[in-house]
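> predicted structure and sequence below. I'll ask about it afterward.
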Amino acid sequence: MESQRTFLLIGLMLVSFLLFQEWNNDYNAPKADPSATTQTLGATTPESDDFIPASSDGEVPAVTTAKRSVIDVTTDVFTVKIDTRGGDIIETDLLQYEEEKGSNTPYMLLGEFDGKQYFSQSGLIGLNGPDATVAGRPVYKTTQKAFTLTGDELRVPLEFTDSKGVTFTKTYIFKKGDYAVDLEYTVNNVTADPIQVQLYTQVKRTVQEKGSLVDQNYLGAAYGTEEEPYEKYSFSDMADKNLNITTAGGYIAFIQHYFVSAWVPQQDQQNTLYSKLVAGNAAIIGTKGEAVNVQAGTQATLSSTYYMGPKESDVLEAIHPDLDLTVDYGWLWFISQPLFVLLKWLHSILGNWGLAIIAITVIVKTAMYPLTKAQYTSMAKMRALQPKMAALKEKYGDDRQKFGQAMMEMYRKEKVNPMGGCFPLLLQMPIFLALFYVFLESTELRHAEFILWLNDLSAMDPYYVLPVLFGLSMFITQKLQPMTVTDPMQQKMMTFMPVVFSIFFLWFPSGLVLYWLVSNLISIAQMLIIYRGMEKKGIKVRG
């Protein structure tokens, strides 16, 4: 297999994969459930814009249109807005991440933007839950309208007392430097009768389509159970069927490029994971805990943890053993994960993500040098047999059977494996694809600077320098390996390949293009070394 064909194969595989992903996203685009107020799992109305799951006894809660009041919370990592109606998180800005490079505007993870919604919701349902009464969701009171973290921990208590005198205190606990927020519900039953409540936590997000052909990072929901540590549940999956799974522990999440929000309920109980598409083109995925009985004159506490921030594997794994899988490296995760560890280690030494990309490319290409050598050696031997191959074709004419037998005999005598050039390439492809996903999924590369004009490795090269250099490296490779194909159409395809690839790479993140450019340059150097060694042994390589 010629080097040009190697590039063509890689390109066709990559483009075909991206096109299939794009077609799949368009073909399976979900439609929201246009139903009115009553749903199988809960209720929603256009006025309240709420969806509340049914409790374990099957009771569907009512809704409310209470006036919204907002509480502002500021920590060292984000600003948060909490709605006093229901105590939901309706906006989160990540202070250490910019919307655009150099904008000085914090990245809005949760909130309302561009006509879309992304909220975190929670409450108490069940026989006596305040979110399940005919009056609708509770409107909480608080001692102040703004809270600021000044120490290691900040508690934001919201209090509601129902008509029977039962007090419900919903407390968000923020910690310094932490994107995980603990939620505590304290139920103080001062009545003479036992009550029953059930905690639910959910994330609501407007259904969105993929942004572009190049941006193929997963956008949608996911969950984990005792049996399935990580399972995607896309918008189209929700349109086909509501999620309804009971598991020990578990978690639910909404995933996007670089960031994730996830509810992790108590792991020592049975939780129900559910999903729903509701009116307004919104998707919901959530959890319901076990019903809790609070005896007369006693208190009970229900808790959960909500993460809203960057997809950092170590941090996510500390919250839940499987939550780090939301850093989705695809089916080659077992290769991508150690490569990412290596990439982070290189960055800790070099202090620059661009240099770390170059270093890991050098390491990977060096480690694969024996395969590369086997590939180019086999290609050179096959080219050396071209005159003999032509003689066999002339000798046997249209007799394909005899020609095939003679050709295999020639391979046996010359000790040449016709698949010797393809097999090493196939072994290398998983590593290339694994690195591809590492660069796409690594939050650390978002807005990471390299040198000069390359101040954001997650964005395209603004001056197209890297794509052009990449095309030149392909052109040099072609010159080092003159084409042996005789078909005029194939010759034209090979000639224009550097141009086509350069155009295709214009919209790729510059970090990815940097990787491919360095990989090509190393391949050229390795090719020269291998061919010079073969020529010294009298093996004709070029021309």
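In hand now; what should we look at?

> list the buried ones in the strand or helix carrying Val187?
With secondary structure defined by DSSP states H and E, Val187 is part of strand 180-188. When burial is assessed from 16 or more other Cβ atoms under 10 Å, strand 180-188 yields the following buried residues: 180-183, 185-188. Every residue, glycine included, has its C-beta placed from N, CA and C.

> so what are the sheet partners of that strand and their directions?
Looking at strand 180-188 with DSSP bridges, its partner strands are strand 167-175 (antiparallel), strand 299-310 (antiparallel).

> closest to Glu441 out of the ones you listed?
Across the strands paired with strand 180-188, Glu441 has its closest neighbour in strand 299-310 (11.0 Å, Cβ to Cβ).

> tell me, how many neighbours does Ala135 end up with?
13 (other Cβ atoms under 10 Å).

> distance check, it against Val197.
16 Å (Cβ to Cβ, to the nearest Å).

> what do you get for Pro509?
From Pro509 to Val197 the distance is 47 Å (Cβ to Cβ).

> more neighbours: which of the two?
Between Pro509 and Val197, counted using other Cβ under 10 Å, the more crowded position is Val197 (27 against 21).

> okay, the more buried one: pLDDT?
Listed pLDDT for Val197 reads 94.

> name the spans of this structure whose pLDDT lies under the cut-off.
1-50, 55-68, 209-216, 384, 414-415, 417-428, 481-496, 538-543 (pLDDT under 70).

> select the longest helix from it.
Counting by DSSP state H, the longest helix found in the chain is helix 510-536.

> report all helices and strands that it contacts.
Contacts defined by 3 or more Cβ pairs under 8 Å, 6 or more residues apart in numbering; DSSP states H and E place helix 510-536 against helix 353-367, helix 369-384, helix 422-441, helix 465-480.

> next, the buried residues of it.
For helix 510-536, by 16+ other Cβ under 10 Å, it's 510-524, 526-527, 530-531, 534.

> over to stretch 395-406?
So, applying 16+ other Cβ under 10 Å, buried residues of stretch 395-406: 396, 403, 406.

> tell me which of these is nearest to Lys241?
Phe403 (55.8 Å).

> and the closest one, what element?
Counting by DSSP H and E, Phe403 is part of helix 400-414.

> likewise for Trp263?
strand 259-265.

> so what's the backbone phi/psi at Gly102?
The phi/psi pair for Gly102 (degrees, to the nearest 10) reads phi 80, psi 10.

> the residue nearest to it when sequence neighbours are not counted in helix, strand or coil?
Distance criterion Cβ to Cβ, 6 or more residues apart in numbering; nearest residue to Gly102, sequence neighbours excluded, is Asn455 at 7.9 Å. Under DSSP: H, G, I helix; E, B strand; the rest coil, Asn455 falls in the coil class.

> quick check, distance from the longest helix of the chain to the centre of its chain.
Centre-to-centre, helix 510-536 and its host chain are 31 Å apart (Cα atoms, centre = their mean, to the nearest Å).

> can you count the residues close to the closest residue to Gly115 other than its chain neighbours?
Spatially, and ignoring its direct neighbours in sequence, Gly115 is nearest to Thr206 (7.7 Å; Cβ to Cβ, 6+ apart). Look at Thr206: counted by other Cβ under 10 Å, it has 18 neighbours.

> can you check which of the strands paired with strand 180-188 gets nearest to Trp263?
strand 299-310 (5.5 Å).

> ok so, going back, right, and the helices and strands packed on helix 510-536 - which one's nearest Glu226?
helix 422-441 (25.4 Å).

> how close does Ala135 get to Thr287?
24 Å.

> surely Val166 touches Asp193?
No - the criterion here is Cβ atoms under 8 Å, and Val166 misses it with Asp193 at 9.7 Å.

> the two: which is more packed in?
Neighbour count, other Cβ under 10 Å: between Val166 and Asp193, Val166 has more, with 19 against 11.

> would you list the phi and psi of the more buried one?
Dihedral angles (degrees, to the nearest 10) for Val166: phi -70, psi 130.

> and it, what is it in contact with?
128, 187-191, 195 (Cβ atoms under 8 Å, 6 or more residues apart in numbering).

> let's see it at 10 Å
By Cβ atoms under 10 Å, 6 or more residues apart in numbering, the contact set of Val166 is 128, 130, 160, 187-191, 193, 195, 197, 294.

> between those residues, which sits nearest Val139?
Using Cβ to Cβ, the contacts of Val166 come closest to Val139 at Phe160, 7.1 Å.

> find the nearest non-adjacent residue to the closest one, please.
The nearest residue in space to Phe160 (Cβ to Cβ, 6+ apart) is Pro138, at 4.1 Å.

> isn't that neighbour up against Asp83?
No - counting by Cβ atoms under 10 Å, Asp83 is not a contact partner of Pro138; they are 11.3 Å apart.
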